[in-house]
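>>> Kindly generate the corresponding structure for this input.
(chains A and B)
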Amino acid sequence: MLVGILVVAGWVLVALLAPNFATHDPLSQDVSHRLDEPGENGHIWGADALGRDIQTRVLYGARITIPAGLAVILLGSTIGVLMGALAGWLGGLWDELLMRITELFMAFPTIILAMAITAALGRDIRNAIIALIIVWWPSYARLIRGIVLEIKHNEYVDAAHCAGATGAWILFRTILPNAIAPAIVLMTLDIGNAILTFAGLSFLGLGPPPTSPEWGSMVNAGLDNFSQWWMWLFPGMAIASLVMAFNFIGDGIRDIFDPRLRRD
Amino acid sequence: MPLQVFFLRRLLLTIPLLIGITLFSFIIANAVPSDPVSANIPQNAFDNEEIIAAFRAKWGLDKPPHEQYLTYLGNLLRGDLGVSIKTSKPVLEDIRQFLPATVELAGFAILIGMALGIGTGIVSAVWRNSIADYLTRGYVVIGVSFPIFVLALIGLNVLHVQWGIVAGPGRLDFIIRDPPAVTGLFMVDAAIAGQWDKFANAFSHIILPAFVLGSFVAGIIARITRSSMLEVLGMDYIRTARSHGLRERRVVIRHALSNAMIPIVTVIGLSTANLMTGAVLIESIFAWPGIGRYAFRAATSQDFPAIMGVSILIASIYVMVNFLVDILYYFLDPRIRVA
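Numbers count the residues shown, from 1 in each chain, chains lettered A, B, ... in the order given. Next up is the predicted model:
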């Protein structure tokens, strides 16, 4: 978990200070240096087909990937938690309806649904994030609904009723704070997955435009110059290291919050 | 509860879900502000009113949405998924053409994933905290974190380009013709026709993409196998079985594994979704003429009949696989039969 925190912190630092670390401009092209090998002409990780510095672009890529992953998780979980809380709290027909809807969303494989949505909305980074949020919220809704159902008949909820609290007060101030911990655990376990799917989408060309230094689309650009391995290997490793670090943190946080799930 | 009742009850539950899937695909394909006309008419025909009007009329784009949906559902029940705007062929025909390639790839991948995942999961649970256990746990973290499209590129570069021990993209070498079609699965067809050189070639082409696709699933399966086995191995009846003097292998396989199977089978069922997600990426890298690549092409050209057809197909496959998993529970867990 410590390793995970260090790696993520490192990437966040890189994202914040990318202009200070970078040796080149991420967008400026230099055709005379196209496909430079790593180490050649000051390109530590080589250059791409348009002579752009790979290392610089990987560093700048953190500025796209980390916020995108966070946005998907934060907004997706917020929608999911609200939906799930409402379903569990209102019960009856509302519950039935909302849960059938989540079941429906979950029947579609992530990338197929996200692909259809980005195709329909148009290809850019904002729409890729919107598509992932649409794909992401149902698992949070299901999780929170189950917990709300479990605790809404607890004594302290009845006590709040007797004290004259309104429905909204009880739901948001009494029930939700007691139901939120598992959602936070799921968020940390999930963020790596969100980043992976986002990178997959942009690898398919359904995310940011090909000029932007996004890791997934950089890997895709490397497909055309397959034997120039540095073009796809370095951004690919960047994705892997960040996702792995987040997964380490997620496992650690789960162990802290829920010792029952501890793997040993 | 007898099997027939259990079976029917689960089957009935899937019907509203399947109808919902069609409605949902329809809403995505239609309720968004995009214009299939501009995506599919050549640029130089943009100002030609007649061509655009004819296009709209042909695809029913000028009717109200609910009528379009009911028409679509009616046609779907008759096996008519509409005509792909991109390929100008019926979507069902396209699916028939592309599905076998994906079934072969995904089927092979899930076999690799199960063998690798269950195998390493058992080993790491039985010899807990051994080197094998640490290797497995490391593999699980890497397997679920590493982007498979990068893994595919590394594999292709090292195993195909540099070492030349596996074949490159595609299902067969260019000069080799398809085996006589029976199932559409090239390896099976080649074996039926007795063309073993073709079988070897198809195997050499499928092994790398299937392995990459299976490695992700293997990580998930290994994780759940390990934790499920650890839980079961701590049970009293395992101690009882051991105290009866049973051989360790029999205890692990017969007594522990069969009781640890339910979560494993569940995860295998759920991982069909991961397989399809992976198939889209893997098929586009390996030029694999399957349903994932078809879906990707449909999505990038806003070919809505094809997008709808494929998403309905894939979501239905997912629902059916998980229906089968539920049926498997019936055989794996005697308690369900009694309840």
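>>> Kindly report the residues of the stretch 151-300 of chain B close to chain A.
Counting by CB under 8 Å from any CB of the partner chain, the stretch 151-300 of chain B comes close to chain A at B:153-154, B:156-157, B:161, B:226-227, B:230, B:272-274, B:276-277, B:280-281, B:284-285, B:295-296, B:298-300. C-beta here means a position set from N, CA and C on the backbone, and glycine is covered the same way.
>>> Contacts only, for B:A256.
Contacts for B:A256 (CB atoms under 8 Å, 6 or more residues apart in numbering or on different chains) come out as B:M229, B:V232, B:L233, B:I238.
>>> can you count the residues close to the one residue in the stretch 51-200 of chain B that gets nearest to chain A?
Residue of the stretch 51-200 of chain B nearest chain A, by CB to the nearest CB: B:V150 (3.2 Å). Residue crowding around B:V150 was assessed by other CB atoms under 10 Å in any protein chain shown; the count is 26.
>>> So, low pLDDT: which residues of chain A?
Chain A contains residues with pLDDT under 70 at A:31, A:33-35, A:39, A:41-42, A:258-264.
>>> repeat that for 50
A:262-264 (pLDDT under 50).
>>> Quick check, the residue in it closest to chain B?
Closest to chain B within chain A is A:G236: 3.2 Å, counting by CB to the nearest CB.
>>> thought that residue was touching B:V150?
Yes. If you go by CB atoms under 8 Å, A:G236 and B:V150 touch, sitting 3.2 Å apart.
>>> give me the number of residues near the spatially closest residue to A:D25 that is not a sequence neighbour?
Leaving aside its chain neighbours, A:D25 sits nearest to A:T56 (7.0 Å; criterion: CB to CB, 6 or more residues apart in numbering or on different chains). Using other CB under 10 Å, the number of residues around A:T56 comes to 24.
>>> what about the helices in the stretch 101-250 of chain A?
Counting by DSSP state H, counting those that start in this stretch, the stretch 101-250 of chain A has helices at residues A:110-121, A:125-151, A:155-162, A:167-169, A:176-203, A:215-224, A:230-257.
>>> Among those, show me which one is buried the most.
Stretch with highest mean neighbour count among the helices of the stretch 101-250 of chain A: helix A:110-121 (a mean of 26; mean count of other CB atoms under 10 Å in any protein chain shown).
>>> quick one: whichever helix in chain A runs longest to chain centroid distance?
In chain A, taking DSSP state H as the definition, the longest helix is helix A:54-90. In this view, helix A:54-90 has its centroid 5 Å away from the chain centroid, taken as CA atoms, centre = their mean, to the nearest Å.
>>> about what we covered before: who touches both of A:G236 and B:V150?
Taking CB under 8 Å, 6+ apart as the contact rule, A:G236 and B:V150 both touch A:V219.
>>> Who are the contact partners of A:L27?
By CB under 8 Å, 6+ apart, the contact set of A:L27 is A:R52, A:T211, A:P213.
>>> Out of these, which are close to chain B?
Among the contacts of A:L27, no residue is within reach of chain B (CB under 8 Å from any CB).
>>> Can I get these in a markdown table including distance to A:S202 and neighbour count?
Formatted as a markdown table, the contacts of A:L27 follow (distance: CB to CB, whole Å; neighbours: other CB atoms under 10 Å in any protein chain shown):
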| residue | distance to A:S202 | neighbour count |
| --- | --- | --- |
| A:R52 | 17 | 23 |
| A:T211 | 12 | 13 |
| A:P213 | 11 | 26 |
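>>> just checking, which of those residues belong to strands?
Judged by DSSP state E, these include no members of strands.
>>> ok, the residue nearest to B:W196 when sequence neighbours are not counted - contacts?
Nearest in space to B:W196, with sequence neighbours left out and distances taken as CB to CB, 6+ apart, is B:A190 at 7.3 Å. Residues near B:A190 by CB under 8 Å, 6+ apart: B:P179, B:W196, B:K198, B:F199, B:A202.
>>> quick one, phi psi at B:A190?
Main-chain dihedrals, B:A190, degrees, to the nearest 10: phi -60, psi -40.
>>> Quick check: residues of the stretch 151-264 of chain A near chain B?
Residues of the stretch 151-264 of chain A lying close to chain B (CB under 8 Å from any CB) are A:192, A:196-197, A:199-200, A:203-206, A:216, A:219, A:222-223, A:226-227, A:229, A:232-233, A:236-237, A:239-240, A:243-244, A:247-248, A:263-264.
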